[in-house]
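Q: Okay, here's the prediction I keep looking at, along with the sequence it came from:
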Amino acid sequence: MPERIVITGLGTVNPLGLSVQDTWQNTVQGVSGVGPITLFDARDYLVQIACEVKNFNPELYLSPKEARRRDRFEQLAVAAAQEAIRQASLEVGNEEAERVGVMVSSAIGGLNSFQDSTITVLQEGPRRINPYVIPMLMTNGAAGMIAIDYGYKGPCFSVASACASGADGIGIAWTLLRLGVIDTAIAGASEATISPVGVAAFDRVGAMSRRNEEPPQTPQPFDRNRDGLVMGEGAAILVLETEARARARGVKILAELAGYAATADSFHITAPAEDGSGGARAMDLALQAAGINPEEVDYINAHGTGTQLNDLSETRAIKTAFGNLADQIPVSSTKSMTGHMMGATGALEAIFCVQAVRHDLIPPTINYQTPDPECDLDYVPNIARERPVRVALSNAFGFGGHNAVLVIREYN
């Protein structure tokens, strides 16, 4: 029988904080991370707001030389990994290093480095390109650099499945742990796409809110007046271990990662399946993998982007997966506060589920004002809710029809 997989470390830097503690405090208080874009001059853009990581100094986590050699998404990943590894009290000897895997994903990778290098080669010529640009832009750069920093020698890779990347990376780590390939995994994701190209491209897809005059009032997941997502950035890392390994080390176990499943809509390259069938199937399969019945689910952290299509499709998916139980399960979108951190979003939301289980407290969906007759579930509007949470689901759905669901359970 496969061994139980537990969570012993959490780390994050994101628009709500530079640590798990600060992030959770701001989340349950309903703080918005949305503000004017400061990372570049956006005055001529139709979208001028984003959820930026604030007051981040990479030299608090890396030497000045190393910081210059790493893209922002890699810097964020290192910061989150350091917090998670520190909380897990993870010290690995040479022999154990081969049993530690690193699965730190990204949907897009070093977009800033790619953009800057393109400008350099066009304006100044090919000889002016930074020799470190390839490791700075490749999506597996963060995973590789964390493995090098700590000497981990197990499987090391990045999953790129759009906005499901972080959840898929964690889920694949869970699979490898259950198969006995590794004993420990550093799993999560990082993203930093708030750049001229990133903002312009996502706006052209028609996915972005342009409510520039009132940043904290958007996005509005599941609200009738929702008008699009707000781009976010950040990183989130979990330390996963087999139960036997964690107990042998005597480390505190925060929660159990009980299940994972992934499906494809096979419908459209950007739009979700209208009936939510792919997401519903992913939830069904994840619960089956965990050996958990639908009536045992206490909370769903929704993908909840604030776009018209996603929120309607996800509502239908939850109704399909849970039937008559759907109305009884609290569902919230923390993207209403963090924005959409693209590939990193599923990893951060897994942390929110761990915290909900640990504290019996459900984060709110802020900016919820006008109910949508077609989105009619319990979205925990505006105020966090105290409630026993033993089992929580984290949904991550991405462009290309990628669906990934994680099941977090209280450990006992």
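A: Yep, it's here.
Q: how near is the closest residue to residue 155 other than its chain neighbours to residue 298?
A: Counting by Cβ to Cβ, 6 or more residues apart in numbering, the nearest residue to residue 155 once its immediate chain neighbours are dropped is residue 101, at 4.4 Å. C-beta: built from backbone N, CA, C; applies to glycine. For residue 101, the distance to residue 298 equals 30 Å [Cβ to Cβ, to the nearest Å].
Q: coming back round to it: can I assume the residue nearest to residue 155 sits in a strand?
A: Yes. The assignment for residue 101 is a strand, going by DSSP: H, G, I helix; E, B strand; the rest coil.
Q: State the distance from it to residue 300.
A: Taking Cβ to Cβ, one finds residue 101 at 28 Å from residue 300.
Q: Quick one: the strands in the stretch 101-250 of the chain, in order.
A: Ranges of strands within the stretch 101-250 of the chain are 156-157, 184-191, 234-242, based on DSSP state E, counting those that start in this stretch.
Q: What strand or helix carries the closest residue to residue 145 other than its chain neighbours?
A: Among residues not flanking residue 145 along the chain, residue 74 sits closest, at 5.7 Å (Cβ to Cβ, 6+ apart). Assigned by DSSP states H and E, residue 74 belongs to helix 72-87.
Q: What helices and strands are in contact with that helix?
A: Counting contacts by 3 or more Cβ pairs under 8 Å, 6 or more residues apart in numbering; DSSP states H and E, helix 72-87 packs against strand 5-13, helix 111-123, helix 141-150, strand 184-191, strand 234-242.
Q: Buried residues, the longest one. List them.
A: Meaning helix 111-123. Residues 111-117, 120 are the ones in helix 111-123 that count as buried (16 or more other Cβ atoms under 10 Å).
Q: can you check stretch 392-411 too?
A: Here stretch 392-411 shows 392-411 as buried, counting by 16+ other Cβ under 10 Å.
Q: Now the residue most central in space within the chain: closest residue in space that isn't a chain neighbour?
A: Geometric centre of the chain, nearest residue: residue 345, 2.3 Å, by Cα atoms, centre = their mean. Nearest residue to residue 345, sequence neighbours excluded (Cβ to Cβ, 6+ apart): residue 163, at 5.8 Å.
Q: Helices along the stretch 151-300 of the chain, start to end?
A: 165-179, 196-204, 243-249, 277-290 (DSSP state H, counting those that start in this stretch).
Q: Which one of those lies nearest to residue 88?
A: helix 243-249 (8.5 Å; Cβ to Cβ).
Q: to the chain's geometric centre, what's the distance from that closest one?
A: Taking Cα atoms, centre = their mean, to the nearest Å, one finds the center of helix 243-249 at 26 Å from the center of the full chain.
Q: Need the contact partners of it.
A: For helix 243-249, contacts defined as Cβ atoms under 8 Å, 6 or more residues apart in numbering pick out 3-6, 8, 89, 183-184, 241, 253, 256.
Q: Extract the CA atoms of that helix and return them as CSV.
A: C-alpha atoms of helix 243-249 as CSV (Å, rounded to 0.1, in the frame of the first residue of the first chain):
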residue,chain,number,x,y,z
GLU,A,243,5.2,9.8,6.6
ALA,A,244,8.0,7.4,7.7
ARG,A,245,10.7,9.9,6.8
ALA,A,246,9.0,12.8,8.6
ARG,A,247,8.3,10.8,11.7
ALA,A,248,11.9,9.4,11.8
ARG,A,249,13.2,13.0,11.7
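Q: from now on call the first residue 6
A: From this message on, residue numbering opens at 6, which makes the last subject helix 248-254.
Q: Give me the helices and strands touching the helix or strand residue 408 falls within, please.
A: Assigned by DSSP H and E, residue 408 falls within strand 407-414. Under the contact definition 3+ Cβ pairs under 8 Å, 6+ apart, strand 407-414 sits against helix 170-184, strand 260-269, helix 282-295, helix 350-364, strand 396-403.
Q: tilt between the second one and helix 170-184?
A: For the pair strand 260-269 and helix 170-184, the angle between their directions (axes from the mean of the first three to the mean of the last three Cα atoms, to 10 degrees) equals 110 degrees.
Q: Next, the buried residues of strand 260-269.
A: So, applying 16+ other Cβ under 10 Å, buried residues of strand 260-269: 260-268.
Q: swap in the first one?
A: By neighbour count, with 16+ other Cβ under 10 Å as the criterion, the buried positions of helix 170-184 are 170-179, 181-183.
Q: List the contacts of residue 331.
A: 323-324, 382.
Q: among the residues you listed, who's most crowded?
A: residue 323 (25 neighbours; other Cβ atoms under 10 Å).
Q: Not counting its own residues, what contacts the helix or strand bottoming out on mean pLDDT in the chain?
A: Taking mean pLDDT, DSSP states H and E as the measure, the chain has helix 99-102 as its least confident helix or strand, at a mean of 84. With Cβ under 8 Å, 6+ apart as the test, helix 99-102 has contacts from 156-159, 188.
Q: 10 Å - rerun?
A: Residues outside helix 99-102 that contact it (Cβ atoms under 10 Å, 6 or more residues apart in numbering) are 95, 152, 155-159, 188-189, 250.
Q: ok, back up a step: of the contacts of helix 248-254, grab the buried ones for PyMOL.
A: Selection of buried members from the contacts of helix 248-254 for PyMOL, criterion 16+ other Cβ under 10 Å:
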select buried, resi 9+10+11+13+188+189+246+258+261
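Q: Make JSON lines out of the contacts of helix 248-254 and add distance to residue 142 and pLDDT.
A: Formatted as JSON lines, the contacts of helix 248-254 follow (distance: Cβ to Cβ, whole Å; pLDDT from 0 to 100):
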{"residue": "8", "distance to residue 142": "37", "pLDDT": "89"}
{"residue": "9", "distance to residue 142": "38", "pLDDT": "97"}
{"residue": "10", "distance to residue 142": "32", "pLDDT": "98"}
{"residue": "11", "distance to residue 142": "34", "pLDDT": "98"}
{"residue": "13", "distance to residue 142": "32", "pLDDT": "98"}
{"residue": "94", "distance to residue 142": "33", "pLDDT": "97"}
{"residue": "188", "distance to residue 142": "32", "pLDDT": "97"}
{"residue": "189", "distance to residue 142": "28", "pLDDT": "98"}
{"residue": "246", "distance to residue 142": "31", "pLDDT": "98"}
{"residue": "258", "distance to residue 142": "37", "pLDDT": "98"}
{"residue": "261", "distance to residue 142": "36", "pLDDT": "98"}
